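S.K.: the sequence isn't on hand, but the structure is:
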């Protein structure tokens, strides 16, 4: 096998090893038991609008970008409220925090359990994007 072919093969395997599979789960945990309207997108994919009843979950599955550029963002709305936005997966923020990112959507903002340096999980809530 030529040196060039070996190098290409090695780089391909390395790229596959660094790009990992991730699942993002979005669960309607609204306190008023209202339907949650969501619309999620990435730079490359529009996942379309969805309506989640109370405790229903929407799943997004993808492989992360080799260069730490994977971003999925969603809009959220319930009742007659404003349209709110949040980045449900930002590779720079999330790559070391979760491989299964499980968001509970509440009126005050999204929450999830995050992996800490000591291998324990801590519940963390975020504010909506401005």
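M.R.: Looks like it arrived, so ask away. Being a predicted model, the structure only gives us computed values, none of them experimental.

S.K.: which residue lies nearest the spatial centre of the protein?
M.R.: The central residue of the chain, meaning the one whose C-alpha is nearest the mean C-alpha position (C-alpha atoms, centre = their mean), is residue 89 at 3.1 Å.

S.K.: any idea how far residue 43 is from that one?
M.R.: In this structure, residue 89 lies at 12 Å from residue 43, with C-beta to C-beta, to the nearest Å as the measure. No exception for glycine: its C-beta is placed from N, CA and C like everyone else's.

S.K.: do the same with residue 101
M.R.: Distance from residue 101 to residue 43, counting by C-beta to C-beta: 18 Å.

S.K.: higher neighbour count, these two?
M.R.: When residue 101 and residue 43 are compared for neighbours, residue 101 comes out ahead with 20 against 10, by other C-beta atoms under 10 Å.

S.K.: surely that one forms part of a helix?
M.R.: No - per DSSP: H, G, I helix; E, B strand; the rest coil, residue 101 lies outside any helix segment and is strand.

S.K.: residues in contact with it?
M.R.: With contacts defined as C-beta atoms under 8 Å, 6 or more residues apart in numbering, the neighbours of residue 101 are 22-25, 88-89, 94, 112.

S.K.: would you format those as TSV with distance to residue 123 and pLDDT included?
M.R.: Converted to TSV, the contacts of residue 101 look like this (distance: C-beta to C-beta, whole Å; pLDDT from 0 to 100):
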residue	distance to residue 123	pLDDT
22	20	93
23	19	96
24	17	97
25	15	98
88	16	98
89	18	96
94	15	92
112	8	95
